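J.: Generate a structure from the sequence data that follows.
(one chain, ligands or ions: 2)
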Amino acid sequence: MKTQVAIIGGGPSGLLLSQLLHKRGIDSVVLERKTKDHVLGRIRAGVLEQGFVQLMEEAGCADRMHAEGFTHDGALISYGDEIFRVDFTRHTGTPVMVYGQTEVTRDLYDARERAGGRIAFNVEDVVIHGADSDHPHVTYTVGGEAQRLDCDFVAGCDGFHGVSRQTIPLSVRKEYEKVYPFGWLGILSETPPVNHELIYANSSRGFALCSMRNDNLSRYYIQCSLSDSPEDWTDEAFWEELGRRIPQEYAGKLVTGPSIEKSIAPLRSFVTEPMRWGRLFLCGDAAHIVPPTGAKGLNTAASDIHYLYSGLRAFYETGSETGIDAYSARALRRIWKAERFSWWFSSLMHRYPDQSEFDLKMQIADLEFLRSNEAAQKSMAENYVGLPY
Ligand code: APR
Ligand code: PHB
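T.: Numbering: from 1, shown residues only. Ligands and ions are numbered 1, 2, ... in the order given. All right, here's what the predicted structure looks like:
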């Protein structure tokens, strides 16, 4: 089999790239390790920057998002029983879109299938050959049958645990990592959200986040120990703990119900450099991970895809290699800013096991400054809604 761009990974990064390339008549094949249902069964974040919304519009996949998504102009931040609002739209002129990543991925799959896109599921033993040559190819198996895909370029969109990053030699690759000493226990419940905007809470008992997917589907998180497992938390215990971490005026309004999904995610900051090796380009979680506090995971994947799509489009339409040569440096400049914001917001909102009384005083002072200072709020808002591509 032959294509112009081999895309490893059928998550949001791979699918968005495939759809954008298709819109410009550039052929791709997506190789996905799991089934479509498995990919769509993953519960992930739900805050989209305007840059992502515009990419989905360019891909022709934004209709349902605009119909069912929610535009949010701000979010609440609480510490103890203190609470204040950061108005994103007033500070930046830009809101964010609240629309589940699962729905984004579903819309992208629907678009690829409508366009007759080639997606292979249940692929195994993926190996990238000749990435540092002018004629790379990918081998893999489906159902035990060996396959070969010849291509011009390989887009590694296979997430943190994929094979693409590992294909770049350690002598070429440099990795940066910070592992946080806690996790997020998240639940999904078919209950009305406690508030129409998100609530980020820093309490003496730890972080909590009140989010949503729609008017009757709420998404809540509480900071938990890395030694916890979802089975350690009954629904009742979760609701009680959440109610103790958010301001009482909201705790009293919590509508509880059975969890339809309950999981724990570890928090990590991670970046690998460079994001290109020969004709292999890393995108999204394959290259970088952020703690979910700033909702930057999908949004940094989006800007990677924007830069790579632009470079590949220029290559095929004009022969210019300027865009693909600039890809890694351009993507990393924006990624590191998102890493910094995600680290800063995580440091501001979580209680750390080794936090001293002085550290806590600094955290509260940071929160008081953010609460009272226009420039601080504008800075946070600009990072939250998304820095320019
Ligand atoms: N071969 C083929 N597919 C693979 C392989 C492999 N060796 N390894 C992983 N995959 C697939 C996974 O099954 C997954 O569907 O690659 C896909 C990677 O998708 P994501 O992990 O969602 O990464 P990405 O598309 O970059 O999206 C980033 O998704 O995970 C969230 O927090 C993340 O919001 C961010 C966004
Ligand atoms: C979510 O709705 O899942 C969500 C929202 C904002 C975040 C993280 C997760 O910062």
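J.: Show the backbone phi and psi for whichever residue of the stretch 151-300 of the chain sits closest to ligand 1.
T.: Residue of the stretch 151-300 of the chain nearest ligand 1, by C-beta to the nearest ligand atom: Gly284 (2.3 Å). In short, each C-beta sits where N, CA and C put it, glycine included. Phi and psi for Gly284, reported as degrees, to the nearest 10, are phi 70, psi -140.
J.: ok, which residues in the stretch 1-150 of the chain are in contact with ligand 1?
T.: When proximity is defined as C-beta under 6 Å from any ligand atom, the stretch 1-150 of the chain approaches ligand 1 at 8-14, 31-34, 39, 44-45, 101, 123, 126.
J.: From those residues, which land in helices?
T.: Pro12, Ser13, Gly14, Val39, Gln101 (DSSP state H).
J.: Return the distance of the closest residue to the fourth one other than its chain neighbours relative to Arg112.
T.: What it means is Val39. Distance criterion C-beta to C-beta, 6 or more residues apart in numbering; nearest residue to Val39, sequence neighbours excluded, is Gly10 at 5.9 Å. Per C-beta to C-beta, to the nearest Å, Gly10 is found 9 Å from Arg112.
J.: Looking at these two, which has the bigger crowd around it?
T.: Gly10 (28 against 23; other C-beta atoms under 10 Å).
J.: closest point of the stretch 51-200 of the chain to ligand 2, which residue?
T.: Closest point on the stretch 51-200 of the chain to ligand 2, by C-beta to the nearest ligand atom, is Leu198, at 5.8 Å.
J.: Skip the chain neighbours and tell me the closest residue to that residue.
T.: Ala75 (4.4 Å).
J.: Now the stretch 101-250 of the chain against ligand 2: closest residue?
T.: Ser211 (3.3 Å).
J.: And Met56, what's its pLDDT?
T.: Per-residue pLDDT puts Met56 at 98.
J.: in the helix or strand hosting it, what's buried?
T.: Using DSSP states H and E, Met56 sits in helix 50-58. Counting neighbours by 16 or more other C-beta atoms under 10 Å, one finds that the buried residues in helix 50-58 are Gln50, Gly51, Phe52, Val53, Leu55, Met56, Glu58.
J.: Adding distance to ligand 2, write these out as JSON lines.
T.: Shown next, in JSON lines, are those (distance: C-beta to the nearest ligand atom, whole Å):
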{"residue": "Gln50", "distance to ligand 2": "16"}
{"residue": "Gly51", "distance to ligand 2": "16"}
{"residue": "Phe52", "distance to ligand 2": "14"}
{"residue": "Val53", "distance to ligand 2": "16"}
{"residue": "Leu55", "distance to ligand 2": "19"}
{"residue": "Met56", "distance to ligand 2": "17"}
{"residue": "Glu58", "distance to ligand 2": "24"}
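J.: Excluding residues flanking it in the chain, which one is nearest Trp336?
T.: Val271 (6.9 Å).
J.: I'd like the next helix or strand past the host helix or strand of that neighbour.
T.: Using DSSP H and E, Val271 sits within strand 259-273. Moving toward the C-terminus from strand 259-273, the next helix or strand (DSSP H and E) is strand 276-277.
J.: For the chain, which segments are assigned as helices?
T.: 12-23, 36-40, 50-58, 63-68, 88-92, 101-114, 164-167, 235-245, 248-251, 297-318, 322-349, 357-372, 374-385.
J.: want to try TSV for the ones you listed, with distance to Val179 as columns?
T.: Shown next, in TSV, are the helices of the chain (distance: least, C-beta to C-beta, whole Å):
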stretch	distance to Val179
helix 12-23	23
helix 36-40	26
helix 50-58	27
helix 63-68	33
helix 88-92	29
helix 101-114	23
helix 164-167	17
helix 235-245	23
helix 248-251	31
helix 297-318	16
helix 322-349	12
helix 357-372	18
helix 374-385	22
